[in-house]
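Asker: quick one, what's the 3D model for this:
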Amino acid sequence: MSDPIIEIKNASIFQRENLVLSNVNLTLHKGEFIYLIGRTGSGKSSLLKTLYGELPARDGTFKVAGFDLAEMRKKDIPYLRRKIGIVFQDFQLLTDRNVEKNLEFVLRATGWREPDEISKRIQEVLLMVGLTDKRKAMPHQLSGGEQQSIAIARALLNHPDVILADEPTGNLDPDTTLDVMKLLRRISENGQAVLMATHNYTLMQKYPSRIANCKNGTVVCSEME
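Answerer: Just a heads-up that it's a prediction; the model follows:
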């Protein structure tokens, strides 16, 4: 098997000075899909924030997409985030510009300069999520599912090694939830790793996969029964 995209060993997760999780061990390989579950306040978001550099990696080993987070300097965080696609529950689209300009903003912020290459990449990710016809639409003109699909397209722009999805279906109705879930599963089947925080056990039963459960101050990994 190839080297893990995410490798956490004997790690502790802190929120400021508060210890949230300890003795965390988790690996995620290319093309693998893992659910991250746990009660509110159990440490799911803190774990994700540590993986994308929002919280410092302190005790233990944290390796993500070729970066050693414990050794990483603050100025390296933008380079880490080019290797990570992040999807939030509340979409976080820029409401003052259309879909194309939302995606262009991210590309330019991460070093893309050639207009033709930018336009081509935007078309590619919109094709991946089935929304090429929404390129000129404003966020308020999109349904919740379409906004989340655009957020996933945004996460795919820089060919990330891993997608970190924090409750991506939390604000969606059941039918739209299934559409977004199918999209995320397809992304993992195409070779990108996906770590998805969720409370939706019905969804997990419909699409079984490995589970990382934040409980009792640590992370317990298991397979769906």
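Asker: tell me, what residue is most central in the protein?
Answerer: Leu164 (1.8 Å; Cα atoms, centre = their mean).
Asker: that one reaches Lys49, doesn't it?
Answerer: No. Contact status for Leu164 versus Lys49: not in contact, 9.3 Å apart, counting by Cβ atoms under 8 Å. Where you see a C-beta, it was placed from the backbone N, CA and C, and this is true even at glycine.
Asker: which strands and helices lie in contact with the helix of greatest length in the chain?
Answerer: Ordering each helix of the chain by length in residues (DSSP state H) puts helix 174-189 first. Judged by 3 or more Cβ pairs under 8 Å, 6 or more residues apart in numbering; DSSP states H and E, helix 174-189 is in contact with strand 33-37, helix 144-156, strand 162-166, strand 193-197, helix 201-206.
Asker: of all these, which lies closest to Phe91?
Answerer: Each of these has some distance to Phe91 by Cβ to Cβ; the shortest is helix 144-156, at 4.5 Å.
Asker: A helix includes Asn158, no?
Answerer: No. Applying DSSP: H, G, I helix; E, B strand; the rest coil, one finds Asn158 to be coil, outside a helix.
Asker: quick one, phi/psi of it?
Answerer: When read as degrees, to the nearest 10, the backbone of Asn158 gives phi -100, psi 30.
Asker: give the partner strands of the one helix or strand Leu19 maps to in its sheet and their orientations.
Answerer: For Leu19, the host element (DSSP states H and E) is strand 18-28. Sheet pairing here is set by DSSP bridges, and for strand 18-28 it gives strand 6-15 (antiparallel).
Asker: run the chain-centre distance for the strand it pairs with.
Answerer: Remark: strand 6-15 is offset 17 Å from the chain centroid, using Cα atoms, centre = their mean, to the nearest Å.
Asker: and stretch 193-209, by the same measure?
Answerer: 13 Å.
Asker: likewise for stretch 134-147?
Answerer: That offset, for stretch 134-147, works out to 20 Å (Cα atoms, centre = their mean).
Asker: which residues sit against it?
Answerer: Residues outside stretch 134-147 that contact it (Cβ atoms under 8 Å, 6 or more residues apart in numbering) are 91, 93-95, 97-100, 102, 122-123, 126, 131, 150, 171-173, 176, 179-180.
Asker: just those residues: which are in helices?
Answerer: Counted as lying in helices by DSSP H, out of the contacts of stretch 134-147, are Val99, Glu100, Asn102, Ile122, Gln123, Leu126, Ile150, Thr176, Asp179, Val180.
Asker: so which of these comes closest to Asn200?
Answerer: Closest to Asn200, out of all of the ones in helices among the contacts of stretch 134-147 and judged by Cβ to Cβ, is Val180, at 10.7 Å.
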